[in-house]
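Enquirer: model this:
(one chain, ligands or ions: 1)
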Amino acid sequence: MGKIVFYKMSGSGNDFIIIDNRNLLVDDENLVEFIRKICSRKMSVGADGFILIEDSDTADFRWRFYNADGSVPEMCGNGARCAARFACLNGIAGPRMTFETLAGTISARVTGERVRIRMTEPADLKTGQHLAVAGEDLTFGSVDTGVPHAVLRVADADAADVKRLGRAIRFHERFAPAGTNVNFISVQEENVLKIRTYERGVEDETMACGTGAVAGAIVAARTAAVSPPVRVMTRGGLLTIDFREKAGRFCDVDLEGDARVVYNGELWGEAWKWE
Ligand SMILES: N[C@H](CCC[C@H](N)C(=O)O)C(=O)O
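Expert: Numbers count the residues shown, from 1 in each chain. Below you'll find the model as predicted:
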């Protein structure tokens with residue numbers, strides 16, 4: 001691979017390496033190993049996810065999204081917001097755009113550092129489910145907001161044992177083989193949630209999870225704990241979720257928050273060619 005310029009971006013603390021790959025400079029050969037290495041925080045750039053921007057025949061661009069472990073989920077809300085800002089900053093699209101993802105075509109609107117995206121319609125929403133795991137009998141909701149999410153309502157999200165419980169649920173046989181992301185929400189005040197998320201494919205708590213914030217808001221709305229627009233306080237910043245509920249379905253789901261450029265640089269071969 002020749003010189004690879006990349007951006008490091010942060011969507012409410014969920015961070016991504018983004019590369020304009022319209023010239024297909026990034027080799028698909030050994031791509032997963034490349035991603036795992038440059039996403040490792042101690043040895044290389046470090047990020048929760050990796051994004052390639054490529055040409056599309058049907059939208060302003062197409063993206064390929066990878067988790068830090070190289071796995072390929074259908075969607076990433078915060079990554080999508082960062083990709084939209086990246087495309088706007090680099091003249092790949094205007095401030096209003098559409099782009100292809102595995103979850104469908106996403107529309108986005110960029111206003112300075114803030115980006116609003118229209119999410120895919122939530123699917124398979126269930127509440128009041130039970131699971132005995134890690135010595136606890138848990139009640140949870142679940143919904144697919146582009147990727148699968150379990151949502152547990154707790155008294156105080158700050159007190160949740162996210163890593164231990166999140167990992168146990170993520171790998172539980174109930175969710176096999178795909179697994180699930182795991183969110184812990186608490187209702188702070190009217191239409192304000194606090195959330196913490198264990199992310200599949202990062203295999204750790206992230207500072208924010210866009211599809212997780214949407215999942216938390218939708219499950220909380222189904223149990224009448226909140227109504228839109230819902231402000232979701234993540235560890236990395238505020239995400240706003242807006243939506244309509246019509247005949248028991250949730251539609252016109254928007255996710256909004258910041259999408260900041262942290263730096264841009266040039267990847268040296270040493271960034272991934274280490275044993
Ligand atoms: N790790 C997730 C995908 C990224 C989700 C998250 N970063 C977001 O902002 O939606 C999964 O494998 O389902």
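
Enquirer: Chain neighbours aside, what residue packs nearest to Lys37?
Expert: Leaving out its chain neighbours, the residue that sits closest to Lys37 by CB to CB, 6 or more residues apart in numbering is Trp272, at 4.0 Å. (Each C-beta comes from the backbone N, C-alpha and C, glycine too.)

Enquirer: Close to the ligand: what parts of this structure are there?
Expert: 14, 48-49, 67, 73, 76-79, 147, 181, 199-202, 209-211 (CB under 6 Å from any ligand atom).

Enquirer: can you count the residues close to Val147?
Expert: Neighbouring residues of Val147 were enumerated by other CB atoms under 10 Å; the total is 26.

Enquirer: Touching, it and Pro73? I think so.
Expert: Yes. Taking contacts as CB atoms under 8 Å, Val147 lies within contact range of Pro73: 4.7 Å.

Enquirer: Mind jotting down where the strands sit in the stretch 51-200 of the chain?
Expert: 61-67, 96-101, 104-111, 114-118, 123-133, 136-144, 148-153, 181-189, 192-199 (DSSP state E, counting those that start in this stretch).

Enquirer: Could you dump those into CSV with mean pLDDT added?
Expert: CSV is the format used below for those (pLDDT from 0 to 100):
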stretch, mean pLDDT
strand 61-67, 98
strand 96-101, 98
strand 104-111, 97
strand 114-118, 98
strand 123-133, 97
strand 136-144, 97
strand 148-153, 98
strand 181-189, 97
strand 192-199, 98
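
Enquirer: can you put the ones you listed in a markdown table and add mean neighbour count?
Expert: Below are the strands of the stretch 51-200 of the chain laid out as a markdown table (neighbours: other CB atoms under 10 Å):
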| stretch | mean neighbour count |
| --- | --- |
| strand 61-67 | 22 |
| strand 96-101 | 19 |
| strand 104-111 | 18 |
| strand 114-118 | 20 |
| strand 123-133 | 13 |
| strand 136-144 | 17 |
| strand 148-153 | 25 |
| strand 181-189 | 23 |
| strand 192-199 | 25 |
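
Enquirer: of all these, which lies closest to Gly257?
Expert: For the strands of the stretch 51-200 of the chain, proximity to Gly257 was assessed by CB to CB; strand 114-118 is nearest, at 7.0 Å.

Enquirer: Neighbouring strands - and their directions - for the closest one?
Expert: strand 104-111 (antiparallel), strand 249-258 (antiparallel) (DSSP bridges).

Enquirer: Present these as JSON lines; the columns should include distance to Gly265.
Expert: What follows is those, written out as JSON lines (distance: least, CB to CB, whole Å):
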{"stretch": "strand 104-111", "distance to Gly265": "22"}
{"stretch": "strand 249-258", "distance to Gly265": "21"}
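
Enquirer: List the residues that contact the residue nearest to the spatial centre of the chain.
Expert: Centroid-nearest residue in the chain: Cys76, 3.5 Å away (criterion: CA atoms, centre = their mean). Contacts for Cys76 (CB atoms under 8 Å, 6 or more residues apart in numbering) come out as Asn14, Gly49, Phe65, Gly146, Val147, Gly210, Thr211.
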